[in-house]
Structures are given as C-alpha cells and as structure tokens.
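Engineer: Sequence and predicted structure below; questions after.
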2 protein chains.
Amino acid sequence: MLEKSWLVLDAFRPTGGPLRLADVAERCHLPKTTAFRLLTELTAIGAVARRQDGYYLGRRLFELGCIVPLERDLRHAALPFMHDLYEATHETVHLGVRDGLDVVYVEKIRGQEAFALPSRVGGRLPLTCTGIGKALLAYAGPDLIEEVLGRPLRRLTPHSIVDPRRLEEAIGQIQAAGLAYEREEAQIGGACIAAPVFHEGAAVAALSVSVPLPRFHPTRLAPAVKAAALGISRALSRPFPAGPV
Amino acid sequence: MLEKSWLVLDAFRPTGGPLRLADVAERCHLPKTTAFRLLTELTAIGAVARRQDGYYLGRRLFELGCIVPLERDLRHAALPFMHDLYEATHETVHLGVRDGLDVVYVEKIRGQEAFALPSRVGGRLPLTCTGIGKALLAYAGPDLIEEVLGRPLRRLTPHSIVDPRRLEEAIGQIQAAGLAYEREEAQIGGACIAAPVFHEGAAVAALSVSVPLPRFHPTRLAPAVKAAALGISRALSRPFPAGPV
DNA sequence: CAATGCGTTCCGTGCCACGGAACCCCGACC
DNA sequence: GGTCGGGGTTCCGTGGCACGGAACGCATTG
C-alpha cells in the first residue's frame, strides 16, 4: 500500500495537479477503485487536497518538504550568497545538487527579466546538459564520470552534448578552470556559468547564473560566481546553529 | 499502514532528523518492529534517508513538496515583490497563509542582519501571535473571528495577546488600516508589520517585514509593505503561465 | 431514452501488516 | 574476560485489511 501511495503522489508530477481520479488511475496503472481508495486516504492525511476541479498535492507535503535537512541546510548556507550574486547580476541564480545522474534544483532566484527556463526548485535535469550538472560531474570522481561516459547521453536541445568525447573534454576544462559553462545545452537561447560548492573535500552542490545568450558575458560573471560558490563552501565548513531558526 | 507511515514522517518535525529507530518508535508510540519496518520501506521509497547517525527525511519529500500548487503558485507570484521589499528594507520578509488556526509560512527572505525568528518556511505559528496571522484573521470573516475569540488564545511570549477583547480591538484596527502590527508577541525583541494579500475578494495570504524592535519604524515600513502586498494581489488576479517554468 | 464517463460503494478473498520473541552486534562497565 | 544494556534486525503465526471487480448513482450528450 505504501509503495502504491507514493506512486499516486508521483502521478502529480510535475505540476502538482489538478488530476481527476481517472487521470491518477491511468498514470499509475492502478484499478480505479484502488486509486480512489488511496486518494481518499491521502486526502484524509493531508498529502493530497481535493477541490472542485480535481485533486492536488497537499500542504502536508509542503510542510514536510521544507524540513528535509540536506536541502534545508544547504539553502540556509547558500541563500545569502545567492542573494548577493543576484544583486550583483540581476540574473537567475540556481543552486543544485546531484542525485544519481540528475541535478536536483534546491534553490532558484529568478532574474528580473526572467526568461523561461526548464529548471524549477525540486525539479530534475540531466547532469550532462546543464552548467550545474557538469560542474558536479567534473568533481564527482572517476567512477561516476566513467559511468556517465559509458551510457547514452541525454539530449535536451540540439546543442546538448551527446558525444562522450566532447563531454570528457568539457570535464577536463571544468576541472582545470573550476568553472562550467553551458550554451544552449539545456535551453535554446539560454546560457549559464556554474561553480562547484565543496564540503569536506567533495563537491556537494553547484551554483550557477543563467542568462539569455545575447547577455552572456562569461568573463564578467565568472569571478562573482566563483566567489559566491567559495563563500558557500566556507559557510558549509562551519557548524550550523542547532534546531530551527 | 499509510496512516502510520505519515505518523513516522511527522516524527521528524521540526528538524528533519537525525532520529534513531528507537526515537521514532517512541515518538510515534509504535512498537520498535513496526517502526523499523516503516522506516525501511520509507527509506526504499526515498521519503526517508538513512545515514550513519540515523534517519532523516528524504529528498523525495523535498521534490514533491516543491510542487504543492497552492504554495508554489503563491510563491511564484509573490517572490518578485518580496525581493523588491527586501531590497528596499534589507529586513526579513515573510509570506504566509492561513491553515486552520495557524499561519503556515510559505516563503521567507532573511534580512541581512538576521536575528533569530521562530518562523521558518513550512512551519506554523498561531494566527493570533503574529503580524501575518492577525492580518489573515482580520479578513477571514466573522465566523472564524468568532471561533478564535471563543477559544483560549495561545501565547508565545508574555506580550502575546491572550485577552479576547484586546484581540477584537486589534482586529478592528487592522480592518480599518489594512495593516497589522506585532510587537514582541511572537518573539521577544522582535516586531513586524503585515499586510493582507487578496485574491478574488478573499485574503489568501499575508506579507510581512520583521525587524528587531529597536529598528522598528512602522511609518517608514508601512507604505512599502502595503505596496508589495497590493502588487502580489494584482499578480494573483492575472492568469498564470501553464505548467512548470 | 440510452449510452457514456465520472466518481462511489459493496464485499468476498487472499495478501500482508503487525508485532512479540528471538537474535546479533557493540560498547561500557566491573 | 564476562555480563549487561541498548542499538538494530530477523522470523513467523495470525488476523486485519488492501484489493479490485461488479454494481450503483449521477450528470451529460446525442
């Protein structure tokens, strides 16, 4: 039952709803009755909310989601530096972590002249198609790099890197410079520059600034991104205040 | 099983972990074996993560929590205005909604000289002890006001309003001015000013600026808070872009 | 009116959630 | 070194309940 209930919750990706009973049943490949039963229970629990137009993910998920410690602690450390970076650039600032072969976006400050980006907090994109992902990959160690190079590379745009040799080359450059660049690999018309954030010698996250391509001036952005990432790394090496603020 | 599993997840409030098996069992009043079984399954699902020092809430909750639509849509609309307000004041900016008799904090931008506040995103505080809560209450309609006034009022500090007559008076003032003030009711040494955010004639959220008391100048803050809240209300009356950004 | 599609209820069946007891491991203490 | 206690893990009999097909109720459409 438990596994099925999470299947149901996942059916609400990526928008959180609204879904009708029949939609949920179909997405989960569950009998209608089972889906109904699960939705009813999840609604009682608060993990799902029912409105006139259908079911939505519910507040209880929001409340628990906010206290997931990894992401919470990382956000806590990173947000001041991200705000500084945002104030310096007024462009979209992202913080992401690696989970398997994906970037999971942990925080995002949208730029003033925001353009549509495929990223969202809590969302995932392939490591190999994004600045953050490549920065994380470059410092993830030889085993993971090997693994990634040994698989078909995913493509988000015609510019996405799908040639393992190109990727290997890019990784080398990232390792040399401590910075990752991305041009239209995740989004046509978009570019970004990313730097890894370290904790106890490992790259636990990466920080990026995303820009429309015509406005992309790497040499101008690089020092600010690097400084902010370094600031976060330093903040992460200090102990956290105990308990909730 | 489903209900018990959410009991287990709630055992991780408010910090998200670390908890040992025995802690979880005790908090949930469940037999150790049951708690172990549930934790093991939740770990397999990704809702809980196990580390050397114990169990934590897991990433899957984070990912789903980010797409809970009410909070997501409200954040999306409010964040630009909150950033503007933050840039104008450099103080802590909150956005909260009402759930039952609580404020649930939906977003928070921490001030540069942050001081410890009891609020956190995804957390709850009593309506009657906070600026946001009082703003929400004032526009929640007579039934809820009656209900709240008819119950013992909760206290967070010695300054918290626990006299129904005082609260009623405060509500009247908020309704007259369209602004709620709070002085040391939620936190000794803290103050804030809050304004409601409307959507289709109802106060669906409220926005506040929180300040250490010595720095609290309501007349200076009021126009900015009110303008930002109005901006959010306006943004909420416009249709949203469909799907994830 | 009939058909269709939506959600909801009913209930027989067999799956599995439950949890006490036993077990294993490790660290602390005598 | 042996014992104890506390942490977690495994085992398995039992009865609780998850499951889902079928039936039902309602609204809409042709």
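Structural biologist: That came through, no problem. Numbering: from 1, shown residues only, chains lettered A, B, ... in the order given.
Engineer: what packs against the helix or strand hosting residue A:55?
Structural biologist: Using DSSP states H and E, residue A:55 maps to strand A:54-57. The contact analysis (3 or more C-beta pairs under 8 Å, 6 or more residues apart in numbering or on different chains; DSSP states H and E) places strand A:54-57 against helix A:21-28, strand A:48-51, helix B:69-89. In short, each C-beta sits where N, CA and C put it, glycine included.
Engineer: And the helices in chain A?
Structural biologist: Remark: helices assigned in chain A by DSSP state H are A:2-10, A:21-28, A:32-45, A:59-65, A:69-89, A:131-138, A:142-149, A:164-177, A:218-236.
Engineer: Now do the residue in chain A positioned nearest to chain B against residue B:72, distance only.
Structural biologist: Residue of chain A nearest chain B, by C-beta to the nearest C-beta: residue A:65 (1.5 Å). In this view, residue A:65 and residue B:72 are 11 Å apart by C-beta to C-beta, to the nearest Å.
Engineer: repeat for residue A:42
Structural biologist: 18 Å.
Engineer: same thing with residue A:99?
Structural biologist: 20 Å.
Engineer: Same question for residue A:194.
Structural biologist: Per C-beta to C-beta, residue A:194 is found 24 Å from residue B:72.
Engineer: Those two: which has the busier surroundings?
Structural biologist: A count of neighbours by other C-beta atoms under 10 Å in any protein chain shown puts residue A:194 above the other of residue A:194 and residue B:72, at 29 against 22.
Engineer: from memory the more buried one sits against residue A:205, does it?
Structural biologist: No. Taking contacts as C-beta atoms under 8 Å, residue A:194 lies outside contact range of residue A:205: 10.2 Å.
Engineer: and the residue positioned nearest the centre of chain A, what is it in contact with?
Structural biologist: In chain A, the residue lying closest to the centroid (C-alpha atoms, centre = their mean) is residue A:105, at 1.8 Å. Taking C-beta atoms under 8 Å, 6 or more residues apart in numbering or on different chains, we find residue A:105 in contact with A:94-96, A:119-125, A:132.
Engineer: Most neighbours among those, which one is it?
Structural biologist: Most surrounded of the contacts of residue A:105: other C-beta under 10 Å gives residue A:132, at 33 neighbours.
Engineer: Show me what the helix or strand of chain A with the lowest mean pLDDT is packed up against.
Structural biologist: When the helices and strands of chain A are compared on mean pLDDT, DSSP states H and E, helix A:69-89 comes out lowest with a mean of 89. Counting contacts by 3+ C-beta pairs under 8 Å, 6+ apart, helix A:69-89 is packed against strand A:92-99, strand A:102-109, strand A:202-212, helix A:218-236, strand B:54-57, helix B:59-65, helix B:69-89.
Engineer: pLDDT of the second one, averaged?
Structural biologist: What it means is strand A:102-109. Regarding strand A:102-109, the rounded mean pLDDT is 93.
Engineer: Measure how it sits relative to strand A:202-212, angle-wise.
Structural biologist: Calculated by axes from the mean of the first three to the mean of the last three C-alpha atoms, to 10 degrees, strand A:102-109 forms an angle of 60 degrees with strand A:202-212.
Engineer: ok now strand A:102-109, how far from the chain's centre?
Structural biologist: 3 Å (C-alpha atoms, centre = their mean, to the nearest Å).
Engineer: cool, the fifth one as well?
Structural biologist: Centroid separation for strand B:54-57 versus its chain: 24 Å, with C-alpha atoms, centre = their mean.
Engineer: For residue A:54, give its distance to residue A:193.
Structural biologist: Taking C-beta to C-beta, one finds residue A:54 at 41 Å from residue A:193.
Engineer: Of those two, which one has the most company?
Structural biologist: Ranked by neighbour count (other C-beta under 10 Å), residue A:54 and residue A:193 place residue A:193 first, with 27 against 15.
Engineer: Can you tell me how far residue A:25 is from residue B:6?
Structural biologist: For residue A:25 relative to residue B:6 (C-beta to C-beta), the value is 22 Å.
Engineer: again with residue A:159
Structural biologist: Here residue A:159 is placed at a distance of 44 Å from residue B:6 (C-beta to C-beta).
Engineer: So which of these two has more stuff around it?
Structural biologist: residue B:6 (22 against 16).
Engineer: got the contact list for that one?
Structural biologist: A:45, A:47, A:60.
Engineer: Kindly recompute the last result at 10 Å.
Structural biologist: A:5, A:41-42, A:44-47, A:60, A:64, B:38, B:42, B:47 (C-beta atoms under 10 Å, 6 or more residues apart in numbering or on different chains).
Engineer: Can you tell me the number of residues neighbouring residue A:41?
Structural biologist: 18.
Engineer: and if you look at residue A:219?
Structural biologist: Neighbours of residue A:219 (other C-beta under 10 Å): 7.
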